[in-house]
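Trainee: I would like to see how this sequence folds:
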Amino acid sequence: MNNQRQLKSKITFIIFIPIAMALILECVVIYENGFESRVGILSLILFTIYVIFTVILYFRLMPAISSVIVDYSLEQGKIQKELMQELEIPYAMLDTTGHIMWANHEFHNIIGVSNDKRIKKSLDAYFPQLTPEIISDEDEMETSIEYQDRIYKVSVKKLDLSRVFQPNTKESVKEDIVLALYLFDETELIRYKQETIDQRLYAGLIYLDNYDEVMDSLEDVKHSILTALIERKINMYLNNIDAIVKHIENDKYFFVFRQKYLQTLRDDKFSLLDDVKNINVGNEISMTLSIGVGADGNQENNSFVEAYDNARTAIGMAMGRGGDQAAVKQGDQVTYYGGKSAGQEKSTRVKARVKAQAFEELLVSKEKVIIMAHKRPDADAFGSAVGIYRMVTSLGKKAYIVLNEITDAIKPVYNTFKVGNAYDNVFITSTQAVSEVNQDTVVVVCDVNRPSMTECEELLSLVPTVVVFDHHRQSNEAITGATLSYIEPFASSACEMIAEMYQYISRNPRLKSQEADAMYAGILIDTDNFLNKTGVRTFEAASYLRKSGADVTRVRMMFRSSMLEMKERAKGISNATVYMDHFALSYVEPDANMEDAPTVAVAKTANELLNVDNIKAAFVVTEADDGVLYVSARSIGDVNVQLVMERFNGGGHANIAGVQLKDKSKDEFFEELKAVLKEMYENGEL
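Mentor: The predicted model follows:
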């Protein structure tokens with residue numbers, strides 16, 4: 001009724017405007033010609049006739065006009081309602097509580113309610129995801145839902161009916177608010193998008209880790225047989241994912257496959273690793289391989305060049321972790337599969353010779369070298385840094401060693417360098433190192449390849465030339481952009497690697513006795529007196545150091561345990577519990593009289609627990625005063641503790657690993673560790 005009154009007033013306004021204009025005109029005529037003049041009288045008569053005619057016409061036509069307008073409005077309403085009913089997009093009107101007030105035929109069909117029946121249930125009875133709180137929270141809301149194997153985009157908009165009929169209304173009443181809901185079926189669109197993504201090409205590389213070693217140990221007549229079997233295994237495996245494979249070198253393969261098969265490889269956990277390892281034609285050494293898969297991280301860019309670059313990075317990381325595993329690099333994310341074995345030592349020392357000569361050539365145009373290892377250095381970190389120092393100085397270059405903390409692990413051997421003044425200006429702090437660097441400085445990182453673990457991470461960004469020497473398996477965090485990188489996971493220690501390089505330096509550097517002792521100590525500690533991760537090359541390196549002046553007895557006396565440490569170790573053994581019959585878990589309580597955490601006792605306790613029958617791995621922890629939890633992991637046999645420690649963002653290598661944790665108690669750690677061990681054991685990862 002209010003709308004009808006507004007319509008009548010507008011029609012009245014339109015009709016009476018001409019009357020007002022005629023009246024003004026009549027007044028002007030009378031004013032100009034006079035009221036009694038012939039023109040004035042005639043204009044007045046005409047004006048009167050016009051007004052009478054207009055008023056009569058208004059009252060006679062108004063009902064007819066109103067009737068036509070009302071009929072038109074009703075007809076339009078019917079048409080609009082019919083169009084809304086037949087709209088192919090499901091549409092419904094709701095109140096703020098989610099009750100369905102009205103819905104079109106398509107909406108009825110989707111929820112399975114007949115068109116001639118009223119929908120009695122609320123919206124969340126059909127779509128549990130669309131609760132009243134969600135749909136009425138914002139003025140406009142969009143979300144996606146799944147319903148009866150279809151995917152819908154839901155659009156909900158608030159409508160204020162009071163403002164629709166009365167535009168000048170400022171305040172809204174809750175009863176006047178309704179919700180308009182649209183359902184857009186995006187099932188096919190999403191399917192087409194997924195098909196487009198599935199067609200993207202991923203690049204892959206396969207490298208045989210120990211091709212030369214296996215072939216050297218095999219009879220010549222069997223070389224072709226082994227090669228054919230390996231190639232057949234690779235081709236059959238890649239045929240399952242519809243891949244194109246190319247044999248590019250004796251020990252290298254390149255393949256391309258579509259993205260949709262990546263999940264197949266993940267679910268299969270790259271079983272090709274085990275298939276090739278099980279091939280035996282009389283070879284004493286099992287052939288192992290590394291797989292690197294690369295994908296473009298940008299879904300829109302779809303660059304195959306970037307995918308290939310990521311594949312090269314992935315294969316490098318897989319081999320840098322010891323081989324016999326697969327690495328998938330998708331953008332910045334890297335995932336590893338396999339890697340359960342500790343890897344096999346390579347008998348050839350060609351790599352050591354090449355790296356030694358490259359390092360020597362690199363130093364020709366440089367002024368000075370700054371050497372640093374990891375935080376809280378151990379004997380291997382200190383010994384390898386000292387070995388690099390002597391190598392550099394023998395080439396006529398100035399060198400410094402960054403050492404911020406003298407830990408109990410290196411104190412006995414460090415004290416031998418304080419005798420006399422030969423090493424007075426060799427050991428510097430991080431602050432001093434930063435002030436020494438320039439564009440002609442080389443930063444050498446040893447016994448670590450993670451930037452956050454180095455003594456001074458800032459140095460890596462201050463110089464253009466960085467060199468890395470390490471024997472730990474690589475993790476996702478690595479030093480990028482190194483000019484020279486020599487990472488050998490098969491080596492027992494960084495000291496072993498440096499000792500090998502000594503034999504290929506043209507200047508034939510000579511180690512001093514305390515330097516040889518430091519390097520020998522690094523090998524001794526990392527191998528637990530030549531019991532763990534010891535190969536032929538380990539003993540050759542030790543022999544070289546012995547010839548250079550290392551004294552076995554002197555080194556052993558340096559690292560004898562104190563009575564306090566022996567008691568701590570004994571307590572650690574007594575605190576041990578066995579989990580799943582094969583894993584020893586223990587903790588060492590630090591003595592109140594000691595300033596540092598008993599990290600050495602923790603490592604030795606873990607080694608001692610490996611002597612217990614049926615124990616495959618030991619995990620021992622201790623807590624420092626600053627709240628840092630130190631975890632030492634050791635294993636014997638095929639259990640790879642590095643994979644376990646990586647779950648806690650730690651690292652190491654197959655038989656020796658560890659991690660430092662903040663804001664975590666030992667009880668919390670052990671609970672998480674048990675869950676990880678159970679999961680990995682059930683999945684065959686241990």
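
Trainee: State the number of residues packed around residue 133.
Mentor: When neighbours are counted by other CB atoms under 10 Å, residue 133 registers 9. C-betas here are computed from N, CA, C, even on glycine.

Trainee: Sticking with it, tell me its helix or strand.
Mentor: If you go by DSSP states H and E, residue 133 is part of helix 132-135.

Trainee: Out of the helices and strands in this protein, which is least certain?
Mentor: Of all helical and strand segments in the chain, the minimum by mean pLDDT, DSSP states H and E falls on helix 161-165, at a mean of 55.

Trainee: what stretches of the stretch 151-300 of the chain score poorly on pLDDT?
Mentor: Per-residue confidence for the stretch 151-300 of the chain (pLDDT under 70) gives these ranges: 160-176, 297-300.

Trainee: cool, the chain as well?
Mentor: For the chain, the stretches with pLDDT under 70 are 1-15, 35-36, 60-87, 137, 160-176, 297-302, 339-349, 476, 591-598, 686.

Trainee: that older thread, mind listing what's buried in the helix holding residue 133?
Mentor: 132, 135 (16 or more other CB atoms under 10 Å).

Trainee: mind listing what the following helix or strand past that helix pairs with, with the direction of each?
Mentor: Sequence order places strand 140-147 as the next helix or strand after helix 132-135, per DSSP H and E. Strand partners for strand 140-147, identified by DSSP bridges, are recorded as strand 150-160 (antiparallel).

Trainee: And the helices in the stretch 51-200 of the chain, which stretches?
Mentor: Along the stretch 51-200 of the chain, the segments classed as helices by DSSP state H, counting those that start in this stretch run 105-111, 123-126, 132-135, 161-165, 187-198.

Trainee: of those, which approaches residue 218 most closely?
Mentor: Ranking the helices of the stretch 51-200 of the chain by their distance to residue 218 (criterion: CB to CB) puts helix 187-198 first, at 41.4 Å.

Trainee: and the closest one, what does it pack onto?
Mentor: Other elements packing on helix 187-198 under the criterion 3 or more CB pairs under 8 Å, 6 or more residues apart in numbering; DSSP states H and E are strand 150-160.

Trainee: Give the buried residues for the strand it packs on.
Mentor: Using 16+ other CB under 10 Å as the test for burial, strand 150-160 gives 151, 152, 154, 156, 158.

Trainee: now do stretch 94-102
Mentor: Counting neighbours by 16+ other CB under 10 Å, one finds that the buried residues in stretch 94-102 are 94, 95, 98, 100.

Trainee: From residue 146, how far off is the first one?
Mentor: Taking CB to CB, to the nearest Å as the measure, residue 94 falls 20 Å from residue 146.

Trainee: re the thing from before, out of the helices of the stretch 51-200 of the chain, which comes closest to residue 208?
Mentor: Proximity to residue 208, assessed across these by CB to CB, is greatest for helix 187-198 (30.0 Å).

Trainee: Need the contact partners of the closest one.
Mentor: Contacts made with helix 187-198 from outside it, assessed by CB atoms under 8 Å, 6 or more residues apart in numbering, are listed as 149, 150, 151, 258, 259, 260, 299.

Trainee: Give me the phi and psi angles of residue 398.
Mentor: In this entry, residue 398 is assigned phi and psi values of phi -80, psi 140 (degrees, to the nearest 10).

Trainee: residue contacts, it?
Mentor: 367, 368, 369 are the contacts of residue 398 under CB under 8 Å, 6+ apart.

Trainee: Please enumerate residues in contact with the host helix or strand of the last one?
Mentor: Assigning secondary structure by DSSP H and E places residue 369 in strand 368-372. Contacts to strand 368-372, defined as CB under 8 Å, 6+ apart, come from residues 363, 385, 388-389, 392, 397-402, 433, 436-437, 440-446, 454-456, 459.

Trainee: Just give me the neighbour total for the closest residue to residue 324 other than its chain neighbours.
Mentor: With CB to CB, 6 or more residues apart in numbering as the criterion, residue 324 has its nearest non-adjacent residue at 4.0 Å, and that residue is residue 288. The tally of other residues near residue 288 (other CB under 10 Å) stands at 23.

Trainee: And residue 650, by the same measure?
Mentor: Each residue near residue 650 was counted by other CB under 10 Å, and the total is 20.

Trainee: circling back to that earlier point, can I assume the residue nearest to residue 324 is in contact with residue 326?
Mentor: No: look at residue 288 against residue 326 with CB atoms under 8 Å: they stay out of range, at 11.5 Å.

Trainee: Residues that sit against both of those two, list them.
Mentor: Listed contacts common to residue 288 and residue 326 are residue 273; contacts here mean CB under 8 Å, 6+ apart.

Trainee: ranges for the strands of the stretch 151-300 of the chain?
Mentor: According to DSSP state E, counting those that start in this stretch, the stretch 151-300 of the chain carries its strands in the segments 177-185, 201-208, 244-249, 252-258, 289-295.

Trainee: List the contacts of residue 523.
Mentor: Taking CB under 8 Å, 6+ apart, we find residue 523 in contact with 380, 383, 492, 493, 495, 496, 499, 530, 538, 541, 542, 545.

Trainee: Report how many residues lie close to the second one.
Mentor: Other residues lying near residue 383 total 35 when counted by other CB under 10 Å.

Trainee: Doesn't it belong to a helix?
Mentor: Yes: Residue 383 sits within a helix when classified using DSSP: H, G, I helix; E, B strand; the rest coil.

Trainee: In space, what's closest to it - neighbours in sequence excluded?
Mentor: Spatially, and ignoring its direct neighbours in sequence, residue 383 is nearest to residue 522 (3.2 Å; CB to CB, 6+ apart).

Trainee: what kind of secondary structure is that neighbour in?
Mentor: Assigned by three-state DSSP, the conformation of residue 522 is helix.

Trainee: Now for it: which residues touch it?
Mentor: 378, 379, 380, 381, 382, 383, 384, 493, 494, 495.

Trainee: Dump those into TSV; add distance to residue 237 as well.
Mentor: Formatted as TSV, the entries for the contacts of residue 522 read as follows, by distance: CB to CB, whole Å:
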residue	distance to residue 237
378	41
379	44
380	39
381	41
382	46
383	43
384	40
493	36
494	36
495	40
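
Trainee: Go through those and name the one nearest residue 572.
Mentor: Proximity of the contacts of residue 522 to residue 572 was ranked by CB to CB; the top entry is residue 378 with 18.2 Å.

Trainee: do you know how far the closest one is from residue 465?
Mentor: Between residue 378 and residue 465 the distance is 26 Å, computed by CB to CB.

Trainee: neighbour-wise, which of these two wins?
Mentor: Relative neighbour count places residue 378 above the other of residue 378 and residue 465, with 22 against 19, counting by other CB under 10 Å.
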